[in-house]
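>>> Okay, structure incoming, though there's no sequence with it:
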């Protein structure tokens, strides 16, 4: 580990988000930065999402800079060669014969999955195939009629995914950074790539303008809730809260994370609450969580990663968390 850089951690392997499904329409071509490389995304005329390396195998033109979708392929802006979802050439416009080397996968492609409203991509520096799946979260695919409006948020943050995820177990920072009670874990499960924690806390949405004067007193005195957080690698985190006042409502949030490079990440959050608390408490919870992240960002973007931190009893299970995270760098 290089101690002379601010974040000496490598990019982890796993499933990470490339973009919202809705942001890649049929015929679209996009270039994005993903895991310290450029990737070209396109959606075929039939609707299939494809991710490839950026440079045409013919003479090296950038497919994301002027490339166009043609049927089920992307057409190079330089000589018009077309490449399909498997990286094979499907057309050379000025030749009746496609070179044999181009009839085999010559353009690198990446494994994608469209799920939970996101376009997910598998990343592994050693090119190993996926060994776990992205979980299907019903509330972000086909929610039942009890769920309210979907809210989405996107944050670009100058730090790595481990630093962001470690915040969840850093109990001591909550009173200082968020002016809120700490979140001591009452139950923790770490099994393979899966991690689940349960924590209880007192929430106070009474300062949110969406909560009526009548209910502000009620919530301030009685709003104790349980957070259940599930993680599948460093790319997918699900947070739930149940039995929310005043009528036993529910909250669900999905965080899909993306490493841009070793020191930059993108978080894409989706949240919704059940309709029975949508007007007041639900809106206060969504606003509070969405805006609370801005308290953390200045610290993340200006801190360095300590491989061997000096810890005390009240810091939370940081070392236990780091043992779990270490598997995604191997």
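Looks like it came in fine. From a predicted model like this one, the values you see are computed outputs, not experimental measurements.

>>> Can you say which helix or strand has the nearest residue to residue 115 once chain neighbours are set aside in it?
Closest residue to residue 115 in three dimensions, ignoring its sequence neighbours and counting by Cβ to Cβ, 6 or more residues apart in numbering: residue 134, at 5.2 Å. Using the backbone N, CA and C atoms, a C-beta is placed for each residue, glycine as well. Using DSSP states H and E, residue 134 maps to neither a helix nor a strand.

>>> What does the pLDDT read for residue 134?
If you check residue 134, the pLDDT there is 97.

>>> and what of residue 208?
Listed pLDDT for residue 208 reads 51.

>>> One more: the one 4 residues further on?
Per-residue confidence at residue 212 stands at 53 (pLDDT).

>>> just the strands in the stretch 101-250 of the chain please.
112-115, 118-123, 151-157, 185-191, 194-202, 224-232, 236-244, 249-261 (DSSP state E, counting those that start in this stretch).

>>> Next, format the ones you listed as CSV and append distance to residue 102 and mean neighbour count.
What follows is the strands of the stretch 101-250 of the chain, written out as CSV (distance: least, Cβ to Cβ, whole Å; neighbours: other Cβ atoms under 10 Å):
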stretch, distance to residue 102, mean neighbour count
strand 112-115, 22, 17
strand 118-123, 24, 23
strand 151-157, 37, 15
strand 185-191, 45, 13
strand 194-202, 42, 17
strand 224-232, 37, 17
strand 236-244, 36, 18
strand 249-261, 31, 22
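
>>> Of all the ones you listed, which one is nearest residue 98?
Residue 98 lies closest to strand 112-115 among those, at 24.9 Å (Cβ to Cβ).

>>> Would you mind pulling the contact partners of that closest one?
Applying Cβ atoms under 8 Å, 6 or more residues apart in numbering, the contact partners of strand 112-115 are 15, 18, 21, 49-51, 119-122, 134, 136, 141.

>>> Kindly report the same for stretch 297-313.
1, 3, 6-9, 155, 157-160, 162-164, 177, 318-319.

>>> tell me which residues of that stretch are tucked away?
300, 305 (16 or more other Cβ atoms under 10 Å).

>>> quick one on the thing from earlier: in PyMOL, how would I select just the buried ones from the contacts of stretch 297-313?
The buried residues among the contacts of stretch 297-313 can be selected in PyMOL (16+ other Cβ under 10 Å) with this line:
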select buried, resi 7+9+155+157+158+159+160+162+163+164+318
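
>>> mind listing which of the contacts of stretch 297-313 are in helices?
Assignment to helices by DSSP state H places the following of these there: 162-164, 318-319.

>>> how about those in a markdown table, adding pLDDT?
Shown next, in a markdown table, are the ones in helices among the contacts of stretch 297-313 (pLDDT from 0 to 100):
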| residue | pLDDT |
| --- | --- |
| 162 | 97 |
| 163 | 97 |
| 164 | 96 |
| 318 | 91 |
| 319 | 92 |
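
>>> for the residues you listed, which one is nearest residue 253?
Taking Cβ to Cβ as the measure, residue 164 is the one of the ones in helices among the contacts of stretch 297-313 closest to residue 253, at 14.4 Å.

>>> how deep is the closest residue in space to residue 132 that isn't next to it in sequence tucked in, by neighbour count?
The shortest distance from residue 132 to any non-neighbouring residue, by Cβ to Cβ, 6+ apart, is to residue 193 (4.9 Å). When neighbours are counted by other Cβ atoms under 10 Å, residue 193 registers 19.

>>> quick one: residue 193 from residue 14, how far?
Noted for residue 193: a distance of 8 Å to residue 14, by Cβ to Cβ, to the nearest Å.

>>> Tell me the confidence at residue 168?
85.

>>> Tell me the spacing between the nearest residue to it once chain neighbours are set aside and residue 23.
Closest residue to residue 168 apart from its sequence neighbours, by Cβ to Cβ, 6+ apart: residue 229 at 6.4 Å. Residue 229 sits 27 Å away from residue 23, going by Cβ to Cβ.

>>> so the closest residue to residue 152 other than its chain neighbours is in which element?
Among residues not flanking residue 152 along the chain, residue 270 sits closest, at 5.3 Å (Cβ to Cβ, 6+ apart). Per DSSP H and E: residue 270 is located in strand 264-273.

>>> rewinding a little: ok, the residue nearest to residue 132 - contacts?
With contact taken as Cβ under 8 Å, 6+ apart, residue 193 is in contact with 14, 131-132, 232-233, 327-328.

>>> In contact with the nearest residue to residue 93 once chain neighbours are set aside, which residues are there?
Nearest residue to residue 93 in three dimensions, chain neighbours excluded: residue 80, at 4.3 Å (Cβ to Cβ, 6+ apart). Residues near residue 80 by Cβ under 8 Å, 6+ apart: 91-94.
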